[in-house]
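Asks: structure for the following, please:
(4 chains)
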Number of protein chains: 2
Amino acid sequence: MKALSIKDIALKAKVSITTVSFIINGKAKEKSISDAVIKKVQKIIAESGYKPNQIARSLRTGNSNIIGLIVEDISNSFFSRIARLIEDKAYKKGYKIIYSSTENSVEKAQELITMFKSRKVDAYIISPIKGIEEDIQILLNENKPVILFDRNLPELNTNYVGANHFVASHQAIESFIKQGKKNIALVTTDINVQQIIERAEGYKKALADHAIPFDEELLLKIPFNQAEADTIKQIKQLFKNKKVDAVLFATNYLAISGLKVLKELHQTIDENFAVIGYDDHEAFELHTPSISTIQQPLEEIAETIIKLILNQLASKNKLPDQQIIIPAKLILRK
Amino acid sequence: MKALSIKDIALKAKVSITTVSFIINGKAKEKSISDAVIKKVQKIIAESGYKPNQIARSLRTGNSNIIGLIVEDISNSFFSRIARLIEDKAYKKGYKIIYSSTENSVEKAQELITMFKSRKVDAYIISPIKGIEEDIQILLNENKPVILFDRNLPELNTNYVGANHFVASHQAIESFIKQGKKNIALVTTDINVQQIIERAEGYKKALADHAIPFDEELLLKIPFNQAEADTIKQIKQLFKNKKVDAVLFATNYLAISGLKVLKELHQTIDENFAVIGYDDHEAFELHTPSISTIQQPLEEIAETIIKLILNQLASKNKLPDQQIIIPAKLILRK
DNA sequence: TTGATTTAGTAAAACGTTTTAGCATTTTCA
DNA sequence: TGAAAATGCTAAAACGTTTTACTAAATCAA
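Replies: The predicted structure is shown next:
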């Protein structure tokens, strides 16, 4: 039961392979194939259920109608939600998405790029990680469209779509200050990516703007790939050792861990203790009380990414790079 | 700057393409290529950074080292967590995963199967949906390994890995009954898949076992693809119209919506009102009070799926189908 | 009427691999 | 010693498409 090939169709229709190919690819008119032949071949294709072998097609044309999406971790709801939106939108334009997680390992990221390259994906959407600049540069040299998102690699000349993390974090801290908070902590991760750095910068700047001295010990950097139990231990230390009356968590999974700690310590979140999370999560709204959060406009980000990609793919020559910064929204809940 | 091909390597090494191919594929010894030549070619490959074109390879061999994973919705944490686990495990064995969401549309599911087929994926992992039995049967006829998970299609003779939903749901309801609950509701979805049906069966059986009459109105079926606002409205109706003292939610997203309703109604969850969710979610543990839940052993499910697939791929002849039912765990929290 | 153009289609090369069949040499061992 | 087996390697076909360059007939313009 081998799959049908274009040859079988040609044979059945008593025309050449070339003719069938032209018809399949909508070039029949242009190549002046008669209506009668077009009809006949189309009928045979429909009846037989023939589907072109995409592998052969890719080998010949060098492209695949597939867009590669590289994220940090598909099980993180921020990424899985964005992936879903991107998938939907790409799908409507006839593109498929392949995704994979880097787990913040340079090595895995490089392997993924290699794999995508050898699969001839047409374009790359990458939430990048420090250390793969060179690999991305190679893609750019080969004229493949590349869109970075969530995190930028400023030394690279390419497209970027992301939220304004500096402003968002600044705004969050200012809202704490307006509530009269003095001992404001930031719990963040130690990964060295722009988006995370910006969040810390926004924190520091807001403190400085309001003449609050920056206390090293209130900025907790959690190692990225460590077990949650250890993270919880570290956060617990922070809350026990220091007087804290407000805390901004720089990622949603850190906020989840942090909320578990607060629950364990019976530290209620009220006028005396404020919390803001980053990247919304179902748990935040549901929490008692609801947790305020910095929300990235996922829909808009996905939309923008796809638009950039499609523009690139449609145009023969390289379009100018774009750096699109979308404001994030502080959602205050109580 | 075209990519290197095996031809370039052969030229540089002054040997034939065949020889290079044998070396790349570890068949050098078997084909009695001398050590000197092997070394030389390997050196050139390493230095040049040559990577075989997977597309060409797939075209020739008919397989791809890619496993297709079809889920209902990658943004649902149950699926994204399982996808991540499967991806990890497959990756370690040299397989890549392509995933895509069906959104519970038969049409989209069929398209995905067609796409995967024309990409020559080596095996399929599918969380299926009623209406694609025929399409899957075709894959089986073509001797492609297929593992269904989460939901079974009993009319199909193939492998299945899933949790014991009937027992789990039965157990959950019994725990309500032991707490003295009498008015036990089930909030489920209207999709017609075995896993969901079993959850309802377990509910009914547990009631019957304890001589509690089944009240049609306490079983709420939410249309699958509807907006969350409507779901919330429906659940609110249930709680307002009927006296309810315990509720089992048949999926995690329904539980999330349900908890939002309870919060809105100021219905606290305490001795007088019990809740159990399905498929754990970060929000459940964090909720005040913590929400009990039926937990599927994700790690074990992923492990089992991959093991089945790899066994199939390793063996030349078709292995007997296996139906593996893994117990789900009721996690009682308070 | 004739040369140019258009119409309707096809043969064959190319994409980059894997694999079969085979060709010299050299080695083995009865 | 000589036939068989092993060693070391390669030419060419095949996978299923797309696309370039071509042919032959029909139509058109002058």
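Asks: show me what contacts the residue in the stretch 101-250 of chain A that chain B sits nearest to?
Replies: Relative to chain B, the nearest point of the stretch 101-250 of chain A is residue A:118 (4.2 Å; Cβ to the nearest Cβ). Quick note: C-beta positions are derived from backbone N, CA and C, even for glycine. Residue A:118 makes contact with B:51, B:52, B:53, B:54, B:55, according to Cβ atoms under 8 Å, 6 or more residues apart in numbering or on different chains.
Asks: please pick the buried ones from the residues you listed.
Replies: Restricting the contacts of residue A:118 to buried positions leaves B:52, B:53, B:54, B:55, with burial counted as 16 or more other Cβ atoms under 10 Å in any protein chain shown.
Asks: just the ones of those in helices?
Replies: Counting by DSSP state H, the buried ones among the contacts of residue A:118 place B:54, B:55 in helices.
Asks: lowest-confidence helix or strand of chain A?
Replies: When each helix and strand of chain A is scored by mean pLDDT, DSSP states H and E, strand A:96-101 comes last, with a mean of 85.
Asks: after it, next one along is what?
Replies: The helix or strand immediately downstream of strand A:96-101 is helix A:106-118, counting by DSSP states H and E.
Asks: give me the angle between that next one and strand A:96-101.
Replies: Here the directions of helix A:106-118 and strand A:96-101 differ by 160 degrees (axes from the mean of the first three to the mean of the last three Cα atoms, to 10 degrees).
Asks: what does the very next helix or strand once past helix A:106-118 rub up against?
Replies: The helix or strand immediately downstream of helix A:106-118 is strand A:123-126, counting by DSSP H and E. Contact with strand A:123-126 is made by A:67-70, A:86, A:113, A:116, A:136, A:139, A:144-149, A:305, A:309, A:312-313, as judged by Cβ under 8 Å, 6+ apart.
Asks: let's see which of those residues end up in strands.
Replies: Mapping the contacts of strand A:123-126 onto strands (DSSP state E) picks out A:67, A:68, A:69, A:70, A:146, A:147, A:148, A:149.
Asks: which residue, other than its chain neighbours, is closest to the fourth one?
Replies: If you skip the residues right next to it in sequence, residue A:70 has residue A:126 as its closest partner in space, 4.6 Å away by Cβ to Cβ, 6 or more residues apart in numbering or on different chains.
Asks: neighbours around that neighbour, how many?
Replies: 26 (other Cβ atoms under 10 Å in any protein chain shown).
Asks: quick one: the strands in the stretch 201-334 of chain A?
Replies: Secondary structure of the stretch 201-334 of chain A, counting by DSSP state E, counting those that start in this stretch: strands at A:219-222, A:246-249, A:274-278, A:292-295, A:323-326, A:329-331.
Asks: show me what the fourth one is packed against.
Replies: If you count contacts as 3 or more Cβ pairs under 8 Å, 6 or more residues apart in numbering or on different chains; DSSP states H and E, strand A:292-295 packs onto helix A:165-178, strand A:274-278, strand A:329-331.
Asks: near chain B at all, the last one?
Replies: No. Strand A:329-331 stays clear of chain B (Cβ under 8 Å from any Cβ of the partner chain), getting no nearer than 15.2 Å.
Asks: what's the domain layout of chain A?
Replies: Split into domains by automatic domain parsing, chain A comes to A:6-52, A:61-163+A:299-327, A:165-295.
Asks: and among the strands of the stretch 201-334 of chain A, the most buried is which?
Replies: Comparing the strands of the stretch 201-334 of chain A by mean neighbour count (mean count of other Cβ atoms under 10 Å in any protein chain shown), strand A:246-249 comes out on top with a mean of 28.
Asks: for that one, packing partners?
Replies: Short answer (3+ Cβ pairs under 8 Å, 6+ apart): strand A:246-249 packs on helix A:165-178, strand A:184-189, helix A:252-264, strand A:274-278.
Asks: please work out which of these is packed deepest.
Replies: strand A:274-278 (a mean of 26).
Asks: who does it touch, helix- and strand-wise?
Replies: Judged by 3+ Cβ pairs under 8 Å, 6+ apart, the packing partners of strand A:274-278 are helix A:165-178, strand A:246-249, helix A:252-264, strand A:292-295.
Asks: quick one, the first one and strand A:184-189 angle?
Replies: What it means is helix A:165-178. 150 degrees.
Asks: so what does helix A:165-178 touch, helix or strand wise?
Replies: strand A:184-189, helix A:194-209, strand A:246-249, strand A:274-278, strand A:292-295, strand A:329-331.
Asks: close to chain B: what parts of the stretch 151-300 of chain A are there?
Replies: A:256, A:259, A:260, A:263, A:281, A:282, A:283, A:285, A:286, A:287, A:288.
Asks: would you agree the second one is in contact with residue A:281?
Replies: No. With contact defined as Cβ atoms under 8 Å, residue A:259 and residue A:281 do not form a contacting pair (9.8 Å).
Asks: quick check: beta-bridge partners of the residue nearest to residue A:70?
Replies: The partner list for residue A:126 in beta bridges (DSSP bridges) reads residue A:70, residue A:148.
Asks: export the helices and strands packed on helix A:165-178 as a markdown table, with columns for mean pLDDT.
Replies: Output for the helices and strands packed on helix A:165-178, formatted as a markdown table (pLDDT from 0 to 100):
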| stretch | mean pLDDT |
| --- | --- |
| strand A:184-189 | 96 |
| helix A:194-209 | 94 |
| strand A:246-249 | 96 |
| strand A:274-278 | 95 |
| strand A:292-295 | 95 |
| strand A:329-331 | 93 |
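Asks: looking at those, which is closest to DNA strand D?
Replies: Counting by Cβ to the nearest atom of the strand, DNA strand D lies closest to helix A:194-209 out of those; the figure is 39.0 Å.
Asks: circling back: quick one: which two of the ones in strands among the contacts of strand A:123-126 are the most distant?
Replies: Longest distance between any two of the ones in strands among the contacts of strand A:123-126 is 13.9 Å, between A:67 and A:148; criterion Cβ to Cβ.
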